[in-house]
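could you look at this predicted model? Sequence included:
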Amino acid sequence: MERCGWVGSDPIYEAYHDTEWGVPEWDSRALWEKLILDGFQAGLSWITILKKRDSFRAAFQGFDPYIIATWGEDDVQRLLGDPGIIRHRGKIEATIGNARAWQVIEAEQGFDTYLWSYMGDAPLQNHWTSLAEVPTETEISRAISKDLKKRGFKFCGPTIVYAFMQAVGMVNDHVVTCHRHAPVAKMATPPR
């Protein structure tokens, strides 16, 4: 069974690639969680985040942005003492601020609707033949990044946003020889 070349042979990466990566996500809270985790990944490897994801979910109350938006310095200190997560003050504080910014977008139009509007409400189906063709950012990821920052988000540069877009299926960046390319392409219809 052929997979995208970035997967390697780690069973955690294989499972993530085979069940999650590229699958279109339509839920506002789940989209926010993934964007936050991609922000925590900045400067690190994604496998580090995957191995700590359950600890992140516990520490951040299931990534409930309504709860996190109420947090303050005591919560930052608690999280800085949690060895199960990435203990980076800037990223922790950004998560709290991002929860507040998420609430505004969610109330206005829905975070899911906001993000998917950039895609015309359907995933972009790429047909890359090799990893060398896959971009690290695009015009769309730059536009989303710019607007998120304008709305108060942090740790959401265009490269982070593009990795997020790949992970949540806004783009199908499985290479065409990967066993997941065709199944993911069939998931392109939103459940609305």
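Great, that's in hand. Residues are numbered from 1 along each chain as shown.

what about the helices in this protein?
Secondary structure of the chain (DSSP state H): helices at 11-19, 28-41, 46-59, 65-68, 73-80, 89-108, 111-117, 139-150, 158-167, 181-185.

in the third one, what counts as buried?
Applying a neighbour-count criterion of 16 or more other CB atoms under 10 Å, one finds 46, 49-50, 52-53, 56, 59 buried in helix 46-59. All C-beta spots, glycine's among them, are computed from the backbone N, C-alpha and C.

could you do the second one as well?
When burial is assessed from 16+ other CB under 10 Å, helix 28-41 yields the following buried residues: 28-29, 31-41.

which other helices and strands contact it?
Other helices and strands packing on helix 28-41, by 3 or more CB pairs under 8 Å, 6 or more residues apart in numbering; DSSP states H and E, are helix 46-59, helix 89-108, helix 111-117, helix 158-167.

for W26, see how far away the residue of the chain positioned farthest from its centre is.
Distance from the centre of the chain peaks at D74, with 26.4 Å (CA atoms, centre = their mean). Note on D74: its distance to W26, by CB to CB, to the nearest Å, is 34 Å.

in contact with the closest residue to K154 other than its chain neighbours: list those residues for me.
Leaving aside its chain neighbours, K154 sits nearest to A94 (3.8 Å; criterion: CB to CB, 6 or more residues apart in numbering). Listed by CB atoms under 8 Å, 6 or more residues apart in numbering, the contact set of A94 reads 39, 153-155.
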